[in-house]
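*Asks:* Show me the folded form of this:
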Amino acid sequence: MIDQAKPQDADIIMPLMLSAIDSIAYTLSGTRDDAETWRILAEAIRQEGNRLSYRNIIVDRRDGGIAGVLICYAGDEAERLDHPIRERLARDYGPEAAKALVPECQPGDFYLDAVAVDERYQGQGIAKALISAFEQRGIEAGCARLSLIVEQYNDRARALYKKLGFREDGLLDVSGGSYTRMIKLI
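*Replies:* Numbering: from 1, shown residues only. Presented below is the predicted three-dimensional model:
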């Protein structure tokens, strides 16, 4: 069942989110300490007004748990949503840590920040269902285009996105990695 995440889902969402965002988690937390990264990002999920907020997370609930997650938000809101993260990074780790958080989307986009499905549920259409819910949110938000980034080496994800109507739209360096930007007009 596709549903809105709740603050109390944070610790269940975390492993899925971390599998999707990989090293970007360290940029968002400001530290490479795994326990501290978990604490910081789980707290961000529980809060409002930031890119990782539960309000920006769609989940697929199955068997009393969460089988998949998708984080999304309007590109027009990206700067506002990143502001509290940048403030915390600057306060706790200095201005360079805050500068390392780069915009991943553009104004006018409805941005798919991360999507992940628990290994036990892969191959059951959960990612497609979450992406469909994401597209519907983009339409409801009045955005002109959907966007996402995918790791250069992730051919499987790139093929899925192409099958769903996304096309490549350049490269973006994020957290020391090179990503392909993909867009879909809506």
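*Asks:* remind me which residues of the protein are low pLDDT?
*Replies:* The chain contains no residues with pLDDT under 70.
*Asks:* Each with direction, which strands does the strand or helix carrying residue 110 pair with?
*Replies:* According to DSSP states H and E, residue 110 maps onto strand 109-117. If you go by DSSP bridges, strand 109-117 pairs up with strand 65-74 (antiparallel), strand 145-151 (parallel).
*Asks:* what's the following helix or strand after that strand?
*Replies:* Following strand 109-117 toward the C-terminus (DSSP H and E): helix 126-140.
*Asks:* now the strands for this protein?
*Replies:* 2-4, 57-62, 65-74, 109-117, 145-151, 167-174, 177-185 (DSSP state E).
*Asks:* Which elements pack onto the shortest one?
*Replies:* Packing contacts for strand 2-4, counted by 3 or more CB pairs under 8 Å, 6 or more residues apart in numbering; DSSP states H and E, involve strand 57-62, helix 126-140. Where you see a C-beta, it was placed from the backbone N, CA and C, and this is true even at glycine.
*Asks:* picking up where we left off before, can you tell me which of the strands paired with strand 109-117 is most buried?
*Replies:* The highest average neighbour count among the strands paired with strand 109-117, using mean count of other CB atoms under 10 Å, belongs to strand 65-74 at a mean of 23.
*Asks:* Show which residues not belonging to it make contact with it.
*Replies:* 5, 9, 12-13, 16-17, 20, 51-52, 56-61, 81, 109-118, 120-121, 124, 126-127, 129-131, 133-134, 137-138, 141, 143 (CB atoms under 8 Å, 6 or more residues apart in numbering).
*Asks:* Show me how to select, in PyMOL, the buried members of the residues you listed.
*Replies:* Once 16 or more other CB atoms under 10 Å is used to decide burial, the buried members of the contacts of strand 65-74 can be selected in PyMOL as follows:
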select buried, resi 5+9+12+13+16+17+20+51+52+56+57+58+59+60+81+109+110+111+112+113+114+115+116+117+118+121+126+127+129+130+131+133+134+137+138+143
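*Asks:* Double-check residue 56 against residue 81; I have them as touching.
*Replies:* Yes: counting by CB atoms under 8 Å, residue 56 does reach residue 81; the two are 7.5 Å apart.
*Asks:* mind checking how far residue 26 is from residue 102?
*Replies:* Separation of residue 26 from residue 102 (CB to CB, to the nearest Å) stands at 14 Å.
*Asks:* These two - which one has more neighbours?
*Replies:* The residue with more neighbours, out of residue 26 and residue 102, is residue 26; 20 against 12, by other CB atoms under 10 Å.
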